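**Student:** would you be able to build a 3D model of this:
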Amino acid sequence: MSDLMVKLKGDQDYKKVLNLDNDTALFPSYDITYTTEYDPKYILEEEEYFTLTHFSQKPYFIDILEREFSDVEYNTLTEINESKIEYIFWIDKLKYYFQRVTPSQIVERKIISLKRNKLIQDGPSLVIKDEADAFYNRESDTLYFRNLNAIKSIFPGIDFLFREATKEEVEDFLGQDFIKLDSDYGVDSVKTYNRKRIGLVSDLLYQMDKDQLDSTLDYVRKYCEDLKFDTEEQKFILESEGDLKSLVFGIDQRFYTTEVSGEKRLANSVTKIV
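**Tutor:** Numbers count the residues shown, from 1 in each chain. Below you'll find the predicted structure:
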């Protein structure tokens, strides 16, 4: 037997929804042939999964994963207020499959079961995805997932892995000596993705000595020809979100020239080669 559990909003405890026999799989087994440890700079290929190894040691590890699961410790929930469901998870031995629940997954329509030739109209019903949002293998202590945003309500604090820079950090970044802001562009103009990009490169920027910074700024000028530069003040002029994105990608050295064709390119996804 395996168990389907639910976590309700505002409730610290978990509730049991139903038991499944051994032949019933709520989610398909993960094909984890291709994995990479989570890196916010990397974009997954179609068959890949991000991993977080030694997951039990992370601050966003949740308590129900700490010990071997026993369904006798949990009450069965017989009537569920669909608006209060935060997420569900299916436990199959040492494997845990998580699905975030959103309003779009609650179906109020009448449904005809084609296998039972029966009209089912006592909804609402919850749609189970073709693939879980996250899969935790307790034996290997590894979490697998594709989309960090989809699991941040399941593992509180995990979104810190790709956090937005704070307003103070954005102000500090835009206040660098090599940046000049257009009068219509400022801290309040910076949107979510650029705030996240600033969060990624801030540490890198502050670790540079003067020679490294000068070389990096020369590199930005070489590749970002559309980015205005005040030669008298030796400052990049930022007028838009696109300008900021180019500058941040330049500091992160995302631009390169191909060896054979000499074509200039931008790497939207990067990973270190060990």
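**Student:** count of residues packed around residue 76?
**Tutor:** Neighbours of residue 76 under the rule other Cβ atoms under 10 Å: 10. Glycine gets a C-beta too; all of them are placed from N, C-alpha and C.
**Student:** would you mind measuring from the closest residue to it other than its chain neighbours to residue 77?
**Tutor:** Distance criterion Cβ to Cβ, 6 or more residues apart in numbering; nearest residue to residue 76, sequence neighbours excluded, is residue 16 at 4.7 Å. Distance, residue 16 to residue 77, using Cβ to Cβ, to the nearest Å: 7 Å.
**Student:** touching both of these two, which residues are there?
**Tutor:** Taking Cβ atoms under 8 Å, 6 or more residues apart in numbering as the contact rule, the neighbours common to residue 16 and residue 77 are residue 6.
**Student:** helix/strand/coil for residue 172?
**Tutor:** helix (DSSP: H, G, I helix; E, B strand; the rest coil).
**Student:** what distance do you get for it to residue 205?
**Tutor:** Per Cβ to Cβ, residue 172 is found 10 Å from residue 205.
**Student:** ok, how many other residues are close to the closest residue to residue 58 other than its chain neighbours?
**Tutor:** With sequence-adjacent residues excluded and distances taken as Cβ to Cβ, 6+ apart, residue 58 is closest to residue 52, at 6.4 Å. When neighbours are counted by other Cβ under 10 Å, residue 52 registers 21.
**Student:** adjacent strands (with direction) for the helix or strand residue 52 falls within?
**Tutor:** Residue 52 is located in strand 48-53, with elements delineated by DSSP states H and E. Strand pairing for strand 48-53, determined by DSSP bridges: strand 34-37 (parallel), strand 142-145 (antiparallel).
**Student:** which parts of it are buried?
**Tutor:** 49, 50, 51, 52 (16 or more other Cβ atoms under 10 Å).
**Student:** in the sheet, who's paired with the residue nearest to residue 58?
**Tutor:** Beta-bridge partners, per DSSP bridges, of residue 52: residue 143.
**Student:** OK, contacts around it?
**Tutor:** By Cβ under 8 Å, 6+ apart, residue 52 lies in contact with 37, 38, 58, 142, 143, 145.
**Student:** again, only this time at 10 Å
**Tutor:** Shown in contact with residue 52 (Cβ atoms under 10 Å, 6 or more residues apart in numbering): 37-38, 58, 60-61, 134, 136, 141-145, 155, 158, 161.
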